[in-house]
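# I would like the atomic coordinates for the input below:
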Amino acid sequence: MKLDTQQVAALEEFSGKIAAELVFAEAGKDEGLIPAYSLLGELMDRIGSSDEVMKAAKAMQALLGEHLDEGRPWETPTLDRLTAFNCWCEGLHAATKTGESFKPFDQWVAEAEAAAQADTPAPAKAAATPSPKSQISNLKSEIPNPPPTGAVPPELLELDQIQSIDLSENAELLGEFHIEAVDHLGQIEAAVLQLENNPGDRDAINSVFRSFHTLKGVAGFLHLKPINRLAHEIESVLDDVRNDKLEFHQGITDVVLAGRDLIEKLVAQVGDVIHANRQPDTAIPVSSLIVRVRAVAKREAVAPAAPISTLKSEISDSRSTAPIAVPSAPAPVAAAAPAIEPEVAAAAAPATRAAPEKQAGNSAAATAASRQESNTIRVQTGKLDGLMDLVGELVIAQSQLVEGAREAGNTSGTLHRTVGQLARISKELQHTAMSLRMIPIKPTFQKMARLVRDLAVTAGKQVSFEMHGEDTELDRNMVEELGDPLVHMIRNGLDHGLEPPAERVAAGKSETGHIRLSAYHQGGNIVVELKDDGRGINTERVLRKATEKGLVNPNQRFTEQEIFQFIFLPGFSTAEKITDISGRGVGMDVVKRNIERLRGSIEISSELGKGSTFRIMLPLTMAIIDGLIVRVGHDRFILPTTSVQVALRPQADMLATIQGRSEVIVVRGKTIPVVRLHRRLAIESDVTNLVDGTVVILENGGKPCGLFVDEMVSKQEVVVKSLGSTMRNIPGISGGAILGDGSIALILDPAGLIKAA
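The predicted structure follows:
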């Protein structure tokens, strides 16, 4: 195989991009599947006449196409195949540079699998025919034919350059990464030392694996390539240990600890940039350690890991030959970091070639950063959950005290003042405890910005992305759950909503489409709004497609809002053809399901030719809600006030029946179905005539429903309690709460009730 200069450049660029996608790809998930498919198409366009590369890339793209057509996520064999293809491309690129020949992909893989079947490394080949590591499943970040221990391939030497850290673009994310990385490094050290005493400890192995996996993923996103590649190599070895393909032994302990120490030095450089605005000026070599890690994976003998006291000399042997000045005290990392031995502290300090005068000049900034960092601590989320539970119990106890004083008829002014003071303190404590779990939504928004940029390139569209209100705070768990729905909504909006440049110009718009993502407070809720200036939603087309797919009754009439909600039906899509981004009828139903699980709702407004707006309404927290307490017979129930529109006692002329069975109420000219709660839950009711009871109008996803109850009791803040696994997923019931008199009330799920109606 002979490639020209442009083809070699295309192969090199492809290898780097596909390796970045493989970093985040996992079996059972679809992240990176569409970009990988697109990259293979781009490679074929640029590689042109190279038959072997074209043949292998075409077969690989066909395999990914099967996943996309069938809506399947990544599978381990597919990941292994794509990884092997990428390794083959790297080997082909390296061989072409030196003018050597290289075997076709299928032959190369066959030899690798034969070597793996024999559980021995492939026999020695000529330098022109590299072979992969003995187990094809571990090819995720390998280069064919790892050289003997001590010889470093040119591709790995590129990792030994000085880190480039862009503080202007990712300052907040880098800060979070630095703090979390310090924690993970501490966990790695403790778990590895535990494994030395008990090599079969699965929890310790999983702990080390998870820490390296997290470091790898975030470092890849922040373009910290040395950390990313080293963590990934070690993660691959640990994955073999987890899957019982490799027995944990002393050699693994050595390379894992050595990798942990080098990553600590690289993370310390990130800390210097964050706290002292001091860019790294010394390279920390990782290539030789990666060679040792790969040798361990092949069960080859390796030199023992250098003790931590000798790591300074390893750094001085890098391509930067200047002497290393080690500060007398390490740079601050985190207030919660454990104390370490002086020798370890000296080795962990960031390497620098700065003169003593420069260090002195930066001391004031470092001291100020240390003071600022000492004002914050990291607390496990489990402890915050425990605090929220205790505050919830306090709120319940305070409600019971108020209820007890009222029933006792106590008129003591002192008691009433004390109860009032307790109520104020409880409420303040409750709000403080809630605020501890609140984090800005900015990191999630920043990930969406990256997603828009990548999708715009894939779709061939020009897109301007704006963020507003990214400092809005939301419960940490809700921020994490919000990521997936936003990904699906942005993909859908960019593919279906925004027109191609030519179509926009023909419609009198600018070539560049606009997507705006914002967050703000509205009442007691957080609103996350996604707005575009694209085509808008064609209700006639949506209704026609839903009818053709058999998702709705063709004889039924629907309002505009009801038609908008069809896009959340499983299997629904208006796309004429399947694209790399969307069109398979999956995703938007997941959006609605995830938002409803967070006790939120989605509102849609759209104007044909002007654009669409999606509003996600979320409560501030899932722990405590404002509830409307209603009574049916001897039982009381709680309705979230966010779903309640109005409560009324209906007049006779407002009521009607459809076909003599379904009851409806007419409110402001709108016909709303009525659900009798006592029939829905099969309980006794004191009131059976609609005009003698209360109808609570609920709305979810643009659909209204009237809930008939005996009476409305009161409005109260309640602490949400789980009903346990045996009562989970009951339609119309989302949880329970303890009322002031100690009784238990079920929290009703408006979405489930409306669906039943």
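# Quickly find the element holding I515.
strand 513-522 (DSSP states H and E).
# I'd like the mean pLDDT over the helix or strand harbouring N492, please.
According to DSSP H and E, N492 maps onto helix 476-492. With pLDDT averaged residue by residue, helix 476-492 scores 83.
# same thing with stretch 219-233?
86.
# Contacts for it next, please.
Stretch 219-233 has contacts (CB atoms under 8 Å, 6 or more residues apart in numbering) with 20, 23-24, 140-141, 159-160, 163-166, 170, 173-174, 177, 212-213, 215-216, 259, 262-263, 266-267, 270, 284, 286, 289-290, 293-294, 447, 450. C-beta: built from backbone N, CA, C; applies to glycine.
# Any idea how far apart the tips of that stretch sit?
The first residue of stretch 219-233 is 13 Å away from its last residue (CA to CA, to the nearest Å).
# Sketch out the low-pLDDT regions of the stretch 501-650 of the chain for me.
Filtered on pLDDT under 70, the stretch 501-650 of the chain yields the residue ranges 523-524, 571, 573-587, 620-623.
# and with 50 instead?
577-586 (pLDDT under 50).
# returning to that earlier point: outside of whichever helix or strand comes after the strand holding I515 itself, list whatever touches it.
Using DSSP H and E, the helix or strand that follows strand 513-522 in sequence is strand 525-532. Applying CB under 8 Å, 6+ apart, the contact partners of strand 525-532 are 441, 472, 474, 482, 486, 489-490, 493-494, 497-498, 513-521, 611-620, 642.
# where does this structure have its least confident helix or strand?
Ranked by mean pLDDT, DSSP states H and E, the weakest helix or strand in the chain is helix 342-348, scoring a mean of 32.
# so how far is whichever helix or strand comes after the helix holding N492 from its chain's centroid?
For helix 476-492, the following helix or strand on the C-terminal side (DSSP H and E) is helix 501-506. Relative to its chain's centre, helix 501-506 lies at 34 Å (CA atoms, centre = their mean, to the nearest Å).
# Helix 501-506: which residues count as buried?
Neighbour counts over helix 501-506 (16 or more other CB atoms under 10 Å) mark 501, 504 as buried.
# cool, and stretch 518-536?
For stretch 518-536, by 16+ other CB under 10 Å, it's 518-519, 526-536.
# Find the pair from those residues with maximum spatial separation.
Longest distance between any two of the buried residues of stretch 518-536 is 28.2 Å, between I526 and R535; criterion CB to CB.
# domains of the chain?
5-145, 167-372, 381-437, 454-619, 624-756 (automatic domain parsing).
# Please tabulate those domains in JSON lines, including the columns distance to P153.
Formatted as JSON lines, the domains of the chain follow (distance: least, CB to CB, whole Å):
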{"stretch": "domain 5-145", "distance to P153": "6"}
{"stretch": "domain 167-372", "distance to P153": "8"}
{"stretch": "domain 381-437", "distance to P153": "42"}
{"stretch": "domain 454-619", "distance to P153": "29"}
{"stretch": "domain 624-756", "distance to P153": "52"}
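# ok, H431 - how many residues close by?
H431: 12 surrounding residues under other CB atoms under 10 Å.
# Which helix or strand contains it?
helix 413-436.
# That helix - contacts with which helices or strands?
Counting contacts by 3 or more CB pairs under 8 Å, 6 or more residues apart in numbering; DSSP states H and E, helix 413-436 is packed against helix 381-408.
# So what's the gap between the helix it packs on and the chain middle?
33 Å.
# for stretch 521-537, same thing?
21 Å.
# Check stretch 448-457 too.
16 Å.
# got it, and stretch 558-565?
Distance of stretch 558-565 from the chain centroid (CA atoms, centre = their mean) equals 31 Å.
# which of the buried residues of stretch 518-536 lies closest to K721?
I526 (22.7 Å).
# distance of that closest one from L551?
31 Å (CB to CB, to the nearest Å).
# now E607
24 Å.
# More neighbours: which of the two?
Relative neighbour count places L551 above the other of E607 and L551, with 14 against 10, counting by other CB under 10 Å.
# so the more buried one is in which element?
Going by DSSP H and E, L551 is not in any helix or strand.
# Quick check: nearest residue in space to it, chain neighbours excluded?
L569 (5.0 Å; CB to CB, 6 or more residues apart in numbering).
# mind listing what the one you found touches?
546, 551-552, 589 are the contacts of L569 under CB under 8 Å, 6+ apart.
# Also L436?
For L436, the contact set (CB under 8 Å, 6+ apart) comprises 379, 384, 387.
# Ramachandran angles for T688?
T688 adopts backbone torsions of phi -120, psi -20, taken as degrees, to the nearest 10.
# how about low-confidence regions in the stretch 251-400 of the chain?
Counting by pLDDT under 50, the ranges of the stretch 251-400 of the chain that qualify are 301-374.
# mind redoing it with 80?
The stretch 251-400 of the chain contains residues with pLDDT under 80 at 298-382, 385, 388-389, 392-393, 395-396, 398-400.
# Next: the stretch 1-150 of the chain.
Residue ranges of the stretch 1-150 of the chain with pLDDT under 80: 1-32, 45-52, 68-71, 90-103, 108, 111-150.
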